[in-house]
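**Student:** Quick one, what's the 3D model for this:
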Amino acid sequence: MPLLDVAVIVLGVETRNASASAAVSENAALMNWTIQAVLRAGVNRSDVQTSQYSLATKTQNPPIPYSGVSVISQNQTSIFVATNQVTIRTNHTGSVGKILDAAISAGSNNVVSISFDIRNPQPQTDEALRRSVIDARRMAEAMASAAGVRLGKAMEISGGYSFVAPRAVAYSMAAALNPTPFEEGQVQVTSAVSMTYQVLP
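**Tutor:** Numbering: from 1, shown residues only. Next up, the predicted model:
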């Protein structure tokens, strides 16, 4: 099975404040520090891209001392929530832990996902399809022999392929307390073909 040789990391920064400008300003500072830390960890600037940005309001209730009685507060307040996410691609899968630790130390407070992929899957997909065609031919010949006929030329061929890869990894912020290990693992390439043959007597 081919090794996964590309890592895709989605990092986020979320800030909250009663002032919209303060939430945005704090968010920008933390994200700038995060990006600079990621670059120092060896990521190319061209491999860092903003993938989401939003500013929204959220209503919250002030804390109410517990008295054993259900109370609905009439003094709800609204705060502004600024969210910024960047997507990072790196061909150095062994550096994923280092990149995450640097980003979190610098200010990122949300690791959205970590996933792995194949940089150039064509050789693996071509080989999987080739083997599927050979296997389909073998099965067709076996059935034709049992039926007392011969196979002619292939009249129609269709097929496709898919990848079975490790799921995206959820990252615990507590993991940042220690160096974070990551193993990229391998991916399985599967393919299926459908072939229609001419049947000869």
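
**Student:** Which stretches in the protein count as strands?
**Tutor:** Along the chain, counting by DSSP state E, strands occupy 6-17, 48-60, 77-90, 110-117, 150-164, 188-200.

**Student:** which of the ones you listed sits most buried?
**Tutor:** Most buried of those, by mean neighbour count (mean count of other Cβ atoms under 10 Å): strand 6-17, with a mean of 20. The C-beta positions use only the backbone N, C-alpha and C, and glycine is treated the same way.

**Student:** if we can go back for a sec, same list (the strands of the chain) but as CSV, adding distance to Ile99.
**Tutor:** As requested, these are exported to CSV (distance: least, Cβ to Cβ, whole Å):
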stretch, distance to Ile99
strand 6-17, 6
strand 48-60, 10
strand 77-90, 7
strand 110-117, 10
strand 150-164, 23
strand 188-200, 26
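
**Student:** okay if I get these as TSV plus mean pLDDT and distance to Ser25?
**Tutor:** Listed next are the strands of the chain as TSV, based on pLDDT from 0 to 100; distance: least, Cβ to Cβ, whole Å:
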stretch	mean pLDDT	distance to Ser25
strand 6-17	95	9
strand 48-60	93	11
strand 77-90	95	9
strand 110-117	88	18
strand 150-164	88	42
strand 188-200	89	47
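
**Student:** right, and the ones you listed - which one's nearest Ala144?
**Tutor:** strand 150-164 (5.0 Å; Cβ to Cβ).

**Student:** Work out the sheet partners of the closest one and label each with its direction, please.
**Tutor:** If you go by DSSP bridges, strand 150-164 pairs up with strand 188-200 (antiparallel).

**Student:** Would you mind pulling the contact partners of the partner strand?
**Tutor:** 1-2, 121, 124-125, 127-129, 131-133, 136-137, 140, 144, 149-165 (Cβ atoms under 8 Å, 6 or more residues apart in numbering).
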